[in-house]
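K.L.:
everything below, folded, please.
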Amino acid sequence: MQTSEIYTARFFMPFSTVCYSVRMLDHHIQRAIVTKLKSSDSLSFTELKDDDLDNKLFTYHLKATIRGKFIEKTAD
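P.N.:
Numbers count the residues shown, from 1 in each chain. Reported below is the predicted structural model:
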């Protein structure tokens with residue numbers, strides 16, 4: 001993943017449903033990604049990733065949230 005990639009949240013459902021869905025995500029890293037994007041229009045890979053996380057581990061969970069259609073990659 002390049003640091004210039006931008007991600008946005010995809011909330012096409014009522015906010016209460018989004019809150020429930022976020023709690024149903026498989027892992028705390030995935031929940032953190034979606035939670036960060038809930039309060040921002042978009043964030044880069046670097047802005048989303050905590051400094052103490054391994055890039056490969058974070059990328060795995062980032063892709064899982066994309067596959068689940070919770071977020072989308074919007075630009076390079």
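
K.L.:
and the next helix or strand past the helix or strand of the chain at the bottom of the mean pLDDT ranking?
P.N.:
Scoring the helices and strands of the chain by mean pLDDT, DSSP states H and E places helix 15-23 at the bottom, with a mean of 52. With elements assigned by DSSP states H and E, the helix or strand that comes after helix 15-23 is helix 28-38.

K.L.:
mind exporting the C-alpha coordinates of that next one to CSV?
P.N.:
Below are the C-alpha coordinates for helix 28-38, written out as CSV (Å, rounded to 0.1, in the frame of the first residue of the first chain):
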residue,chain,number,x,y,z
HIS,A,28,-10.5,-4.5,16.7
ILE,A,29,-8.2,-3.2,13.9
GLN,A,30,-11.1,-3.3,11.4
ARG,A,31,-13.3,-1.5,13.9
ALA,A,32,-10.7,1.1,14.5
ILE,A,33,-10.4,1.8,10.8
VAL,A,34,-14.1,2.3,10.3
THR,A,35,-14.4,4.3,13.5
LYS,A,36,-11.6,6.7,12.4
LEU,A,37,-13.3,7.1,9.0
LYS,A,38,-16.7,7.8,10.6
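
K.L.:
how far does it sit from the chain's center?
P.N.:
How far helix 28-38 lies from its chain's middle: 5 Å, per CA atoms, centre = their mean, to the nearest Å.

K.L.:
now it: mean pLDDT?
P.N.:
What helix 28-38 shows for mean pLDDT is 88.

K.L.:
and what of stretch 60-76?
P.N.:
Mean predicted lDDT for stretch 60-76 stands at 84.
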